[in-house]
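Novice: I would like to see how this sequence folds:
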Amino acid sequence: MKQLRIDFPQKEFFVKTFGGDVYVVGGAVRDRVLYPKRASDRDVDLLVTGRSYEEIAARLAKRGKCDTVGKSFAVVKFTRAGRTFDIAAPRRDRKQDASAHGHKNFAIQSGPGVTLEEDLGRRDFTCNSIAVRLKDGAVIDPHGGLRAIAERRIAMTSPASFSDDPLRVLRAARFSSVHSFAIDKAIHAKARKVPLDELSAERVADELFRLLLESPQPSLGLREYHSLTVLDKLFPELAALALTIQDALFHPERDEQGHHSVWAHTLITVDVAARLARQHGLDEPRTLALLLAALLHDCGKAGTTAWEFKRGRMTVTSPFHDSRGVQIAAGVLDRLRVDTRQGLPLRRIVLKLIQQHHRIYELYRNRGEITFKAIARAVKDMDNEDPLLVLLDFADRRSREPRPLAFRGLDAIARWFMGQKEKHRISQETMRPLILGRDLLALGVAPGRQMGLLLKRLYEQQLDGVFRTRRQGLALFRRERRQKPPAATP
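Specialist: As a prediction, this is how the structure comes out:
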């Protein structure tokens, strides 16, 4: 029997508590095989055979904190020494309504009457259907998962029950993208018949976000979304981009079939954005904002693309696709219930990025006429998230290069914009309003709508470079107030 050593904090505790009946299962096993030198010891799921959920929980409750939030799935969330583990009893799932495909449509049986092999058999892919006995490292692999991992292949554990949870179609794309695995043709054939409309917005969004955030090259998974009919069923706005052409001279990038489609351009843009996020050390919410904007930045082209005689030839153009794209992207984000993430106004920033995604290049193209005012306005309109706009603009342009991912840093256009910010000393700190309500109160302005209008006008003057300090702003306000003609008397 093959053996695989899996070490993690609290391992000996679990062996002492459950002896030879406790196993590591699922992704933790897969990742130890795939990445033996860098697999995380944080996400370790355990399974205990020969005992009921209640017996497992009762034994653990004496030695740590038990949370029974997963009781309906026979899972105990157990916390000890600051770490939380998912510990389950073996279970089998029986579909209650043959015509329904939701993940809640199951009667779950668990406990001593369910074998380890039955539990592994209900899992999605063979690479996730492996168990390792914690006591001695013995590998239990009834479905050929180790072979699938060696062949870097995603295969169904049980073709008969694969479609019981439609989310598996999206998970196949994510695993393919994150681990660079090929998806078996049988999954593609099965996926075409799997309805996805019963999936909740939260589950769909979580899978999409994980694909974007975890994959070194998200385009691999997004291509699978297309071939697995996920785009057609869940993201028709993106599916339409595969049938929308771009001008071959301005957009030389092509898909595998040689088509100059917006979808081909989008996939490359997302990959460049993912690399930029890593290079620039973006936090998770800003990485997600950049990647969602890259994915949706040209979604307005499907409805705006037309032929036009321009510059002496017939050209493919997409006028006002940015504004149209904001409307379409807003619908996608609302459907996925995207709002904020870790305090970042994710939806708002993504839509701003889409609306403004040509702005950096347009400023650079007119750089001979650009002043403090234009740069300050660009920063202000992006709510000081303009560094993301710089990255999106670069990713959009970089996608047209023969080797789009072969870059080490930003180009002259991006550096020019950042240099202009430095030249004019524009930053999040300096973009804050210099004149506040309390300043106008001290000058005798009563609170209310009129004060709000005055503050707004003063801030607009600050952004236009009319004044640079609080003292200058107050002096300007006093001067304008003295020069204002008295109101006419009836």
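Novice: What count of nearby residues applies to residue 461?
Specialist: 18 (other C-beta atoms under 10 Å). All C-beta spots, glycine's among them, are computed from the backbone N, C-alpha and C.
Novice: which residues touch it?
Specialist: For residue 461, the contacting residues are 467, 473, 476, by C-beta atoms under 8 Å, 6 or more residues apart in numbering.
Novice: how far does whatever helix or strand it lives in sit from the chain's center?
Specialist: Assigned by DSSP states H and E, residue 461 falls within helix 449-463. Distance of helix 449-463 from its chain centroid, counting by C-alpha atoms, centre = their mean, to the nearest Å, is 37 Å.
Novice: So which other helices or strands are in contact with the next helix or strand after that helix?
Specialist: Once the chain leaves helix 449-463, the next helix or strand it forms, by DSSP H and E, is helix 470-483. Counting contacts by 3 or more C-beta pairs under 8 Å, 6 or more residues apart in numbering; DSSP states H and E, helix 470-483 is packed against helix 437-442, helix 449-463.
Novice: if you set the cut-off to 6 Å instead, what comes out?
Specialist: If you count contacts as 3 or more C-beta pairs under 6 Å, 6 or more residues apart in numbering; DSSP states H and E, helix 470-483 packs onto no helix or strand.
Novice: what's the angle from that helix to helix 449-463?
Specialist: Angle of helix 470-483 versus helix 449-463, following axes from the mean of the first three to the mean of the last three C-alpha atoms, to 10 degrees, is 130 degrees.
Novice: Now do the buried residues in helix 470-483.
Specialist: With burial defined by 16 or more other C-beta atoms under 10 Å, the residues of helix 470-483 counted as buried are 473-474, 476-477.
Novice: Stretch 54-69 too?
Specialist: Buried residues in stretch 54-69 (16+ other C-beta under 10 Å): 56-57, 59-60, 66.
Novice: And stretch 439-448, by the same measure?
Specialist: 439-440, 445.
Novice: cool, stretch 379-396 as well?
Specialist: By neighbour count on 16+ other C-beta under 10 Å, the buried set for stretch 379-396 is 379-382, 385-396.
Novice: residues near the closest residue to residue 344 other than its chain neighbours, how many?
Specialist: Using C-beta to C-beta, 6 or more residues apart in numbering and skipping the chain neighbours, the partner closest in space to residue 344 is residue 285 (3.9 Å). Using other C-beta under 10 Å, residue 285 is surrounded by 16 other residues.
Novice: same question, residue 16
Specialist: Around residue 16 there are 11 other residues, counting by other C-beta under 10 Å.
Novice: which SSE is residue 347 in?
Specialist: Residue 347 belongs to helix 346-355, assigned by DSSP H and E.
Novice: hmm, I was thinking of residue 421
Specialist: In this structure, residue 421 sits in helix 412-423 according to DSSP H and E.
Novice: do residue 363 as well
Specialist: helix 359-365.
Novice: Please save the CA atoms from that helix in PDB.
Specialist: Coordinates of each C-alpha in helix 359-365 appear next as PDB, following Å, rounded to 0.1, in the frame of the first residue of the first chain:
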ATOM      1  CA  ARG A 359      -8.400  57.800 -19.700                       C
ATOM      2  CA  ILE A 360      -4.600  57.300 -19.000                       C
ATOM      3  CA  TYR A 361      -3.900  56.800 -22.600                       C
ATOM      4  CA  GLU A 362      -6.000  59.700 -23.700                       C
ATOM      5  CA  LEU A 363      -4.200  62.000 -21.200                       C
ATOM      6  CA  TYR A 364      -0.900  60.800 -22.500                       C
ATOM      7  CA  ARG A 365      -1.900  61.300 -26.100                       C
END
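Novice: Give me the mean pLDDT for it.
Specialist: Mean pLDDT, computed over helix 359-365, is 96.
Novice: Contacts for that helix next, please.
Specialist: For helix 359-365, contacts defined as C-beta atoms under 6 Å, 6 or more residues apart in numbering pick out 370, 378, 390, 393, 413, 416-417.
Novice: Figure out how far that helix is from the centre of its chain.
Specialist: The answer for helix 359-365 is 27 Å, by C-alpha atoms, centre = their mean.
Novice: what is the residue lying closest to residue 23 once chain neighbours are set aside paired to in the beta sheet?
Specialist: Distance criterion C-beta to C-beta, 6+ apart; nearest residue to residue 23, sequence neighbours excluded, is residue 131 at 4.2 Å. Beta bridges link residue 131 to residue 25, residue 140 when assigned by DSSP bridges.
Novice: Residue 131 and residue 13, how far apart?
Specialist: 19 Å (C-beta to C-beta, to the nearest Å).
Novice: Those two - which one has more neighbours?
Specialist: residue 131 (24 against 14).
Novice: Which secondary structure element is home to residue 407?
Specialist: Using DSSP H and E, no helix or strand contains residue 407.
Novice: Report all helices and strands that the helix or strand hosting the residue nearest to residue 344 contacts.
Specialist: Taking DSSP H and E as the definition, residue 285 sits inside helix 284-296. Counting contacts by 3+ C-beta pairs under 6 Å, 6+ apart, helix 284-296 packs against helix 262-279, helix 346-355, helix 386-398.
Novice: one more time with 10 Å, if that's ok
Specialist: With contacts taken as 3 or more C-beta pairs under 10 Å, 6 or more residues apart in numbering; DSSP states H and E, helix 284-296 sits against helix 201-214, helix 236-239, helix 262-279, helix 321-335, helix 346-355, helix 386-398.
Novice: what about the stretch 351-490 of the chain, any weak spots by pLDDT?
Specialist: 485-490 (pLDDT under 70).
Novice: ok, back up a step: just put the helices and strands packed on helix 284-296 in JSON lines and tack on distance to residue 409.
Specialist: Output for the helices and strands packed on helix 284-296, formatted as JSON lines (distance: least, C-beta to C-beta, whole Å):
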{"stretch": "helix 201-214", "distance to residue 409": "23"}
{"stretch": "helix 236-239", "distance to residue 409": "30"}
{"stretch": "helix 262-279", "distance to residue 409": "8"}
{"stretch": "helix 321-335", "distance to residue 409": "26"}
{"stretch": "helix 346-355", "distance to residue 409": "21"}
{"stretch": "helix 386-398", "distance to residue 409": "10"}
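Novice: I am finished for the moment; much appreciated.
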